[in-house]
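Trainee: Just a sequence and a predicted model for now, questions to come.
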Amino acid sequence: MRGFFKVTGILLVNLCLLIGLYLGAAAIFHQLNDGKSWFEQAKVQRFDKNLVRATYPNYQKFEPATALAIFEEYYQPTTAYRPFVGYRRNGFKGSVVNILEDSGFRISTNHAIDNSVWFFGGSSMWGTGATDSTTIPSLYASKTGEQVLNLGESGYNSLQELAQLNIMLARGLRPAKVVFYDGFNDSYYHCQRNIPIPSHAFDLQFRDIVQNHALQALEGEDVRKQVTRSLKPSEFLSTYLKTNYASEVDFLLAPLIYATKSETPEQDIQAGPTVSDKPISQFNRSQTYHHCDETQQAEKAANVLVSSWLAVHSILKDRNIPVHFVLQPAATYHPEKYNLNYLTDYDKQRIVDEADSYKGFTKAVMDAWQERCVAQSACDALVDMSKLFFDDSTPVFIDSVHLSPNGNQKVVDALLAAISEG
């Protein structure tokens, strides 16, 4: 028995020494980490699969640090609930992404809220894959010298944009002209059978919160408890630690954080999936989650977009404000027409899986528009850019729909040409 206690005592002493040594190392590495927390590091690792896009040929003219920042800062802003439109990013200050604190609008070249050109759309208009100065609104402003307002937001579809327009007008603001840039998001959400029509990106999450937590909210229960209750165990642990013990966790994991961080942007952007030599032409459809290759589903989805556009046209016509509706280009629309072999295999497969559905959706949109635009004398307001990049070998897509800055410039050039012709 005496021997047992002796061994136990030695083990405890050694354990205490090891803990002391580790805490000492943690203190040193915590200072070397420049304030980068465990959760910030985990967030970057979670989205490494997207950072590979910074290595695409589209960004050869960019400094590696700038190309990396475009995709890192896309994910860093938080998002908040906004009445009627559902959600919008919070304010953010970065090196290439900057968002106004009060409105959540991304800052553009010649940015102005009132009496400017208002640009509506989803993430492609917001500027996924672009710096503040190379989004569609900014490039338009640089080309024309006009003031602009970027009202785009990730995941937004035409109904959310219609609501945003009405909110702006109700506040007494007035645009000089308006551009709606749509197609992909209306297709993405409304071509799925398991999502209500109409819907938006956070619809199912909001429904879950209201249905499962409305009673607790009315009783005054802490909102954080309502949300964490519905999380998976691993997600709950992360949320709980982040909320209650963030600084302690950062300190204890300081050596691990230091060991895994990269020294240069070039190292960071090599993370994530690699691009194989397999051309997109050799990929076959493997999943069916969009169904607008079926006429009935396509007509339902197209009706949301066309109805929104015609409502916008009616509202602005009464105010004598010109508007243009752009049917945006997408890699899912006849992918055989583009150079897409530089994309990750994940994106190649997704594009092939969605191609038939998006073709059906695009046809339904054009048919519905041509049938309904005559009654409102709105037909000239449509700018069909669905074929803009056909047979153009220049890399412009970074995934199914988002464009690099050179693609945004071509969109602006086509838009200005259409406006001048009109």
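Mentor: Cool, got the structure. Residues are numbered from 1 along each chain as shown.

Trainee: Can you list the low-confidence ranges for the stretch 1-150 of the chain?
Mentor: By pLDDT under 70, the low-scoring segments of the stretch 1-150 of the chain are 1-7, 9, 22-23, 25-50.

Trainee: just the strands in it please.
Mentor: 79-82, 86-89, 92-93, 98-99, 117-121, 148-150 (DSSP state E, counting those that start in this stretch).

Trainee: measure stretch 327-347 end to end?
Mentor: The first residue of stretch 327-347 is 22 Å away from its last residue (C-alpha to C-alpha, to the nearest Å).

Trainee: same question, stretch 92-104
Mentor: Length of stretch 92-104, first residue to last, C-alpha to C-alpha: 8 Å.

Trainee: Same question for it: list its buried residues.
Mentor: Neighbour counts using 16 or more other C-beta atoms under 10 Å place 92, 94, 96, 97, 98, 99, 100, 104 of stretch 92-104 among the buried residues. (Glycine included, C-beta is placed from N, CA and C.)

Trainee: Looking at the residues you listed, which one is closest to residue 300?
Mentor: Residue 300 has its nearest neighbour among the buried residues of stretch 92-104 in residue 104, at 30.2 Å by C-beta to C-beta.

Trainee: Tell me, how many residues neighbour the residue nearest to the closest one when sequence neighbours are not counted?
Mentor: Computed as C-beta to C-beta, 6 or more residues apart in numbering, the closest residue to residue 104 that is not its neighbour in sequence is residue 88, at 3.9 Å. Residues near residue 88, counting by other C-beta atoms under 10 Å, number 21.

Trainee: Give the bridge partners for residue 88, please.
Mentor: Under DSSP bridges, the beta-bridge partners of residue 88 are residue 80.

Trainee: In which helix or strand does residue 186 reside?
Mentor: Counting by DSSP states H and E, the element that carries residue 186 is helix 184-190.

Trainee: how would you label residue 357: helix, strand or coil?
Mentor: Under the three-state scheme (DSSP: H, G, I helix; E, B strand; the rest coil), residue 357 adopts helix.

Trainee: Show the contacting residues for it.
Mentor: Residue 357 is in contact with 187, 191, 290, 291, 292, 293, 298, 332, counting by C-beta atoms under 8 Å, 6 or more residues apart in numbering.

Trainee: how near is it to residue 288?
Mentor: Taking C-beta to C-beta, to the nearest Å as the measure, residue 357 falls 8 Å from residue 288.

Trainee: Quick one: residues contacting the residue nearest to residue 104.
Mentor: Neighbouring residues of residue 88 by C-beta under 8 Å, 6+ apart: 79, 80, 82, 104, 153.
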